[in-house]
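**Student:** how would this look folded up:
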Amino acid sequence: MPELTLEALAARLALVEQKLSALTAVVPPSRDWRSVVGISDDNEFTRAMLAEIEAHSEAERQAALREDGA
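**Tutor:** Residues are numbered from 1 along each chain as shown. Predicted structure coming up:
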């Protein structure tokens with residue numbers, strides 16, 4: 001392994017900065033997380049999925065209430 005010197009570290013840092021600069025030039029600007037993961041209330045599939053999740057959560061709540069009251 002080469003000797004770790006300030007010059008070697010400076011050269012490595014410069015290379016990392018160049019690569020980071022190149023990557024950030026390619027990456028699109030940040031978007032809303034819903035558009036990134038594909039969740040939108042504007043389509044039928046998502047509305048059905050969210051309704052199913054809510055129904056499942058409600059069923060779990062009701063079951064927990066029945067267990068506490070038993």
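**Student:** which SSE is His56 in?
**Tutor:** Element membership for His56, per DSSP states H and E: helix 44-69.
**Student:** Apologies, that question was intended for Ala8.
**Tutor:** Going by DSSP H and E, Ala8 is part of helix 6-26.
**Student:** the bottom helix or strand of this structure by mean pLDDT?
**Tutor:** Sorted by mean pLDDT, DSSP states H and E, the helices and strands of the chain end with helix 33-37, the least confident at a mean of 59.
**Student:** where are the low-confidence patches of the protein?
**Tutor:** Residue ranges of the chain with pLDDT under 70: 1-2, 27-41, 70.
**Student:** Now do Thr46: how many residues are near it, please.
**Tutor:** Thr46 has 14 neighbouring residues, counting by other Cβ atoms under 10 Å. The C-beta positions use only the backbone N, C-alpha and C, and glycine is treated the same way.
**Student:** where's Arg61 relative to Gly69, distance?
**Tutor:** Going from Arg61 to Gly69 by Cβ to Cβ, to the nearest Å gives 13 Å.
**Student:** Distance from stretch 56-70 to the middle of the chain?
**Tutor:** Centroid separation for stretch 56-70 versus its chain: 31 Å, with Cα atoms, centre = their mean, to the nearest Å.
**Student:** got the CA coordinates for it in CSV?
**Tutor:** Below are the C-alpha coordinates for stretch 56-70, written out as CSV (Å, rounded to 0.1, in the frame of the first residue of the first chain):
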residue,chain,number,x,y,z
HIS,A,56,-56.7,-4.0,7.2
SER,A,57,-55.6,-1.4,9.9
GLU,A,58,-59.2,-1.0,11.0
ALA,A,59,-59.7,-4.7,11.3
GLU,A,60,-56.6,-5.0,13.4
ARG,A,61,-57.8,-2.1,15.7
GLN,A,62,-61.2,-3.8,16.1
ALA,A,63,-59.5,-7.1,17.0
ALA,A,64,-57.3,-5.4,19.5
LEU,A,65,-60.3,-3.7,21.1
ARG,A,66,-62.1,-7.1,21.3
GLU,A,67,-59.1,-8.7,23.0
ASP,A,68,-58.8,-5.8,25.5
GLY,A,69,-62.5,-6.0,26.4
ALA,A,70,-62.5,-9.8,26.8
